[in-house]
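Peer 1: Fold the following, please.
(chains A, B, C and D)
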There are 2 protein chains.
Amino acid sequence: MRIGELAQVSGTTTKTLRFYEEAGLLPAPERTAGGYRDYAPEALARLDFIRRSRTAGLTLAQIREVLDIRDAGVAPCQHVQDLLETRLGDLDRQIADLQALRHTVARLRDDAATVDPANCDATTVCRYL
Amino acid sequence: MRIGELAQVSGTTTKTLRFYEEAGLLPAPERTAGGYRDYAPEALARLDFIRRSRTAGLTLAQIREVLDIRDAGVAPCQHVQDLLETRLGDLDRQIADLQALRHTVARLRDDAATVDPANCDATTVCRYL
DNA sequence: ATGGACCTTCCAGTACAGGGGAAGGTCAAG
DNA sequence: CTTGACCTTCCCCTGTACTGGAAGGTCCAT
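Peer 2: Got it, this is the predicted structure:
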């Protein structure tokens, strides 16, 4: 399978595939006589895994970790569980931070909405922020 | 006031102050005979505004917009209200996205937790993702 | 044999908000 | 007079996940 075809069936781009290879997420494939990359069908499953992992919010570095463990011949299940657990903690923290920020911004907006703009003057920057 | 002192009282760094000047957030200050930046006390209020705006999640580009309006002699109140409103919408969307992702990841983790790792084999990447 | 689609490598840039460090100038104290 | 703290400009680097484009090679049909 050539790179363009793999890009199409995996729903990505040739640029991304070369980038993943460079980044150590995809093994370097065989080459044809003419120097073209020639992917084995397994590459698609690997790309699906990468896509699903990205959807779960894992970084490429984290995905590479999992793939490296698998490539070493070990089932990465425990590592994946740990990663998901960590990711869940990150998400909870991130959501809590954003909600706190939302309260702050909502408060600022409410304050700003109750004031007659005619009372503003340009010499101070802006008292709402 | 020299740059190091302003950095200290504003709780930032000299690098950041030069960067803000370069980015158009801080006006170029006077220079001493020796070529040192010599800030007027007003710079501190401006930096406080920038800090508060950053805390509210505004980007430097958005803050620059507000400051430009003010520097043109117009009270930027309405603009600030609009920005805060937009920012609130962004936050709501971002929080909703993260919560959806949290559900997905929690589901993945729960699935992963109920399975005996001994049943995993290394030939597939990992069926949890 | 030639056109066009596809591929190759390599270099550079995107957005964000600065940080690191070199080479050199300034200023006050000792 | 020299030391040390502070300042100047300059350019490159950080991390994330790609994206764009140039110059050139390959392959297949016409």
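Peer 1: contacts, neighbours, all on C-alpha from now
Peer 2: OK.
Peer 1: Only the buried residues of the helix ranked longest in chain A, if you could.
Peer 2: Looking across chain A with DSSP state H, the single longest helix is helix A:77-113. For helix A:77-113, the neighbour count (16 or more other Cα atoms under 10 Å in any protein chain shown) marks A:77, A:80-81, A:83-85, A:87-88, A:91, A:95, A:98-99, A:101-102, A:105-106, A:108-109, A:112-113 as buried.
Peer 1: Please enumerate residues in contact with the helix or strand hosting A:Glu5?
Peer 2: Assessed by DSSP states H and E, A:Glu5 sits inside helix A:3-10. With contacts defined as Cα atoms under 8 Å, 6 or more residues apart in numbering or on different chains, helix A:3-10 is touched by A:13-14, A:17, A:37-39, A:44, A:47-48.
Peer 1: Need the max-distance pair from those.
Peer 2: A:Arg37 and A:Asp48 (18.9 Å; Cα to Cα).
Peer 1: how is chain A carved up into domains?
Peer 2: Per automatic domain parsing, the structural domains of chain A span A:1-56, A:75-129.
Peer 1: Would you single out the least confident of those domains?
Peer 2: Of all the domains of chain A, mean pLDDT reaches its minimum on domain A:75-129 (a mean of 77).
Peer 1: now check that one, is it near DNA strand D?
Peer 2: No. Judged by Cα under 7 Å from any atom of the strand, domain A:75-129 stays clear of DNA strand D, getting no closer than 12.6 Å.
Peer 1: With adjacent residues omitted, what lies nearest to A:Arg64?
Peer 2: Of all residues beyond its chain neighbours, the one nearest A:Arg64 is A:Leu25 (5.5 Å), with distances taken as Cα to Cα, 6 or more residues apart in numbering or on different chains.
Peer 1: Look up how far B:Leu101 lies from that neighbour.
Peer 2: Between A:Leu25 and B:Leu101 the distance is 23 Å, computed by Cα to Cα, to the nearest Å.
Peer 1: The helix holding A:Glu5 vs DNA strand D: in contact?
Peer 2: No. Using Cα under 7 Å from any atom of the strand, we find that helix A:3-10 stays clear of DNA strand D, coming within 10.2 Å at best.
Peer 1: tell me which residues in that helix are buried?
Peer 2: A:3, A:6-7, A:10.
Peer 1: which pair in these spans the largest distance?
Peer 2: Checked with Cα to Cα, the buried residues of helix A:3-10 reach their widest spread between A:Ile3 and A:Ser10, with 10.4 Å between them.
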